[in-house]
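1. Based on what follows, work out the 3D shape:
(2 chains)
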Amino acid sequence: MKILVIAEHNNNALKSDTYKTVSAASQIGSDIHLLVAGYNCETVIDEATKITEVATVLKADEACYEYQLAENIADLVFNLGAKYTHILAPATTTGKNFMPRVAALLDVAQISDITEIINGNVFKRPIYAGNAIATVESEDPIKVITVRSSAFDVASRDGNAATVQLELICDSQSSSFVNEELTKSERPELPAADIVVSGGRGMQNGDNFKLLESLADKLGAAVGASRAAVDAGFVPNDMQVGQTGKIVAPNLYIAVGISGAIQHLAGMKDSKTIVAINKDEDAPIFQVADYGLVADLFDAVPELESKL
Amino acid sequence: MKVIVPVKRVIDYNVKARIKKDQSGIDLSNVKMSMNPFCEIAVEEAVRLKESGIASEVLVVSIGDKSCQEQIRTALALGADRGIQIETDNDLDSLQIAKILKVIVDEEKPKLVILGKQAIDSDNNQTGQMLGALTKMPQGTFASNVDANENQVLVTREIDGGLQTVSLTLPAIITTDLRLNEPRYAKLPDIMKAKRKPITVRNAEELGIDLSSKVKTILVEEPPTREGGVKVEDIEMLIQKLREEAKVI
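-> Have a look, this model is predicted:
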């Protein structure tokens, strides 16, 4: 087994998804190479060499990789790919963007969003929005896999991997970066947070999310939202937790004013502990919550914050 | 310019998927089937490009047995011009689907191929990107805005941290996210008109592609169910439970 993991980063730091994907890779085998493709990404390379399970860090530090354009990253990974039995990337919007191109170039299938590794050929993955779990077996010589990082632990960081510099420039020219509007926040990112506080339609408007932000800051939590809250225009889409948004599995998930539609549950039901605060005692969210509080959120949330 | 929209027939998104007793897959007998919601958004976007004078023709392609002609008719009623059904009884993977679509793209030479980002049955999120690699076209996936002219397209993409805009030279691939548009409902006169629009049927076996899949589904099972817990009386009790029982704060 020779495994290539593609690191997710922002040219400054590794995303936690990378650590979790390496930890998934280590369940398949121990010869793990980690590709860091980016631009001016020295700090990321340093961080990558410290991941315990990583044997070698492959460094591709070129302008054409700065924005992780799918065309360029896929060509780069394709050029390296034939040497490996498994190629893994996190099932983030970045991994989902370039990995199917890698698979098609290598003429193999992709196995998307795996949540469990049975062995090097057999994997579990959710289908039908998590309403069923499929066990699939691949006979392809190279397995191209995206990993649902919330299903795996974080790899440890006391390693000292060697770095190999790649001299491969893949620049398709047919696609170029124009701009990015990233949500700025001091809070942890949703997929990496230990605690997530989410609001739904019951929040009534975007301003009221300040209540949740204040509670989140006290807990060191990330703030999420249900699709209903996003569709109502309360908060931007990148805060959405659910089947069509982010999948999270924190230690503590606090659902506030969220009814608990299947679409939302698909994104958070693997959380360790779930708390629901809702004034409707029949809300379906209470069927999955470890602790349910039937109360008006506008009283309960400030009270919770003040008594913590 | 010509626009191709591949569409998939899937279980209707309002229907709960039931697992077959032998755990070999999802039971689709006597279940309402519809066009994949993300594909509907793709059809809508292509039709809007036509209405704004940018696209000249919208071609819809669906791969499957005869029943997927229903979804092609739906797309024709929404404003597409003609359809191609690729006949097959095989359960194909995204890679085989992308290879079939490449044959059609090579023949029809569209400037844009617009696809749903994923189908709500297999949840793979692969076909558009694979088609991009096979046809060497650039891609704008998870699109929430599309701004096209004769030579290039600006695609705003929904990414984990916010939004990203890329510029692609045509021909190009676009995959749709939920917020790209709100698909219209077909009006009765358009449904009638769609019955006269042409659908060409071709056999997948005759396209010269290896249709065998290297990935087998061994088992389909229920996800682990989560037991509901207890109701707490007040905030004090909640905090106490979180500290002493769950030990998460």
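2. Tell me where chain B has helices.
-> Using DSSP state H, the helices of chain B run over residues B:37-51, B:69-78, B:94-108, B:127-135, B:188-194, B:235-240.
3. for those, which one ends up most surrounded?
-> Sort those by mean neighbour count, taking mean count of other C-beta atoms under 10 Å in any protein chain shown, and helix B:127-135 sits at the top with a mean of 27. All C-beta atoms are positioned from the backbone trio N, CA, C, and that covers glycine.
4. what's the spacing between it and its chain's center?
-> 14 Å (C-alpha atoms, centre = their mean, to the nearest Å).
5. ok, now stretch A:274-290?
-> 25 Å.
6. Between the two ends of it, what distance do you get?
-> Using C-alpha to C-alpha, to the nearest Å, the end-to-end distance of stretch A:274-290 comes to 5 Å.
7. Run the contact check for that stretch versus chain B.
-> Yes. Counting by C-beta under 8 Å from any C-beta of the partner chain, chain B is contacted by stretch A:274-290 at A:Ile274, A:Val275, A:Glu281, A:Phe286, A:Gln287, A:Val288, A:Ala289, A:Asp290.
8. ok, now which ones touch A:Gln173?
-> Residues near A:Gln173 by C-beta atoms under 8 Å, 6 or more residues apart in numbering or on different chains: B:Thr169.
9. Please, which helix or strand holds it?
-> For A:Gln173, there is no host helix or strand (DSSP states H and E).
10. what do you get for the one 5 residues further on?
-> A:Val178 is part of strand A:175-182, with elements assigned from DSSP H and E.
11. Run the angle between that strand and helix B:127-135 for me.
-> Counting by axes from the mean of the first three to the mean of the last three C-alpha atoms, to 10 degrees, strand A:175-182 lies at 150 degrees to helix B:127-135.
12. Distance from strand A:175-182 to the middle of the chain?
-> 20 Å.
13. I'd like the next helix or strand past it.
-> Heading C-terminal from strand A:175-182, the first helix or strand you meet, by DSSP H and E, is strand A:195-199.
14. For the nearest residue to B:Thr141 once chain neighbours are set aside, name its beta-bridge partners.
-> In space, not counting the residues next to it along the chain, B:Thr141 is nearest to B:Thr175; the distance is 4.4 Å by C-beta to C-beta, 6 or more residues apart in numbering or on different chains. Note on B:Thr175: beta-bridge partners by DSSP bridges are B:Leu115.
15. what's near enough to touch B:Thr175?
-> Counting by C-beta under 8 Å, 6+ apart, B:Thr175 has contacts B:38, B:42, B:114-117, B:128-129, B:139-143.
16. The longest strand along chain B: partners in the sheet, and parallel or antiparallel?
-> Secondary structure of chain B per DSSP state E: the longest strand is strand B:139-148. Paired neighbours of strand B:139-148 in the sheet (DSSP bridges): strand B:152-159 (antiparallel), strand B:172-176 (parallel).
17. Isn't A:Thr52 up against A:Gly159?
-> Yes. The pair formed by A:Thr52 and A:Gly159 meets the contact definition of C-beta atoms under 8 Å, at 4.1 Å.
18. any idea how far B:Ile114 is from B:Asp93?
-> From B:Asp93 across to B:Ile114, the span is 21 Å (C-beta to C-beta, to the nearest Å).
19. Spatially nearest residue to A:Ala74, not counting backbone neighbours?
-> Spatial nearest neighbour of A:Ala74, excluding adjacent residues (C-beta to C-beta, 6+ apart): A:Arg101 at 3.5 Å.
20. can you check A:Ala48 too?
-> Distances taken as C-beta to C-beta, 6+ apart place A:Val57 nearest to A:Ala48, at 4.6 Å, with adjacent residues excluded.
21. For B:Asp93 and B:Ile114, work out which one has more neighbours and name it.
-> Higher neighbour count among B:Asp93 and B:Ile114: B:Ile114, with 29 against 24, using other C-beta atoms under 10 Å in any protein chain shown.
22. Would you mind listing the residues in contact with that one?
-> Contacts for B:Ile114 (C-beta under 8 Å, 6+ apart) come out as B:Val3, B:Ile4, B:Val5, B:Ala42, B:Glu45, B:Ala46, B:Ile173, B:Ile174, B:Thr175, B:Thr176.
23. can I get those residues in JSON lines with pLDDT?
-> Converted to JSON lines, these look like this (pLDDT from 0 to 100):
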{"residue": "B:Val3", "pLDDT": "98"}
{"residue": "B:Ile4", "pLDDT": "98"}
{"residue": "B:Val5", "pLDDT": "98"}
{"residue": "B:Ala42", "pLDDT": "98"}
{"residue": "B:Glu45", "pLDDT": "98"}
{"residue": "B:Ala46", "pLDDT": "98"}
{"residue": "B:Ile173", "pLDDT": "98"}
{"residue": "B:Ile174", "pLDDT": "98"}
{"residue": "B:Thr175", "pLDDT": "98"}
{"residue": "B:Thr176", "pLDDT": "98"}
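24. now, which of those sits nearest A:Cys170?
-> Closest approach between those and A:Cys170, by C-beta to C-beta: B:Ile173, at 18.0 Å.
25. re earlier: so for chain A, which of the helices of chain B sits nearest?
-> Among the helices of chain B, the nearest to chain A by C-beta to the nearest C-beta is helix B:127-135 (3.6 Å).
26. Which strands or helices does the closest one pack on?
-> Other helices and strands packing on helix B:127-135, by 3 or more C-beta pairs under 8 Å, 6 or more residues apart in numbering or on different chains; DSSP states H and E, are helix A:70-81, helix A:93-106, helix B:94-108, strand B:112-116, strand B:139-148, strand B:172-176.
27. could I get those as CSV with distance to A:Asn179?
-> Converted to CSV, these look like this (distance: least, C-beta to C-beta, whole Å):
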stretch, distance to A:Asn179
helix A:70-81, 17
helix A:93-106, 16
helix B:94-108, 29
strand B:112-116, 22
strand B:139-148, 12
strand B:172-176, 18
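28. how about these, which one is nearest B:Gly53?
-> Minimum separation from B:Gly53 across those (C-beta to C-beta) falls at strand B:139-148, 11.0 Å.
29. Bridged to the residue nearest to A:Ala48, which residues?
-> Beta-bridge pairing of A:Val57 under DSSP bridges involves A:Leu34, A:Thr163.
30. Just give me the neighbour total for it.
-> So A:Val57, with other C-beta under 10 Å, has 24 neighbours.
31. what do you get for A:Asp296?
-> If you count neighbours by other C-beta under 10 Å, A:Asp296 ends up with 12.
32. Show the contacting residues for the closest residue to it other than its chain neighbours.
-> Excluding the flanking residues, the one nearest A:Asp296 by C-beta to C-beta, 6+ apart is A:Lys279, at 5.1 Å. By C-beta under 8 Å, 6+ apart, the residues touching A:Lys279 are A:Gly202, A:Val294, A:Ala295, A:Asp296, A:Leu297.
33. surely the last one meets A:Met203?
-> It stands for A:Leu297. Yes. A:Leu297 is in contact with A:Met203 according to C-beta under 8 Å; the separation is 7.4 Å.
34. So these two - more neighbours on which side?
-> Comparing A:Leu297 with A:Met203 by other C-beta under 10 Å, the one with more neighbours is A:Met203, at 27 against 23.
35. I figured A:Gly220 hits A:Asp194, correct?
-> Yes. Under the criterion of C-beta under 8 Å, A:Gly220 makes contact with A:Asp194 at 7.2 Å.
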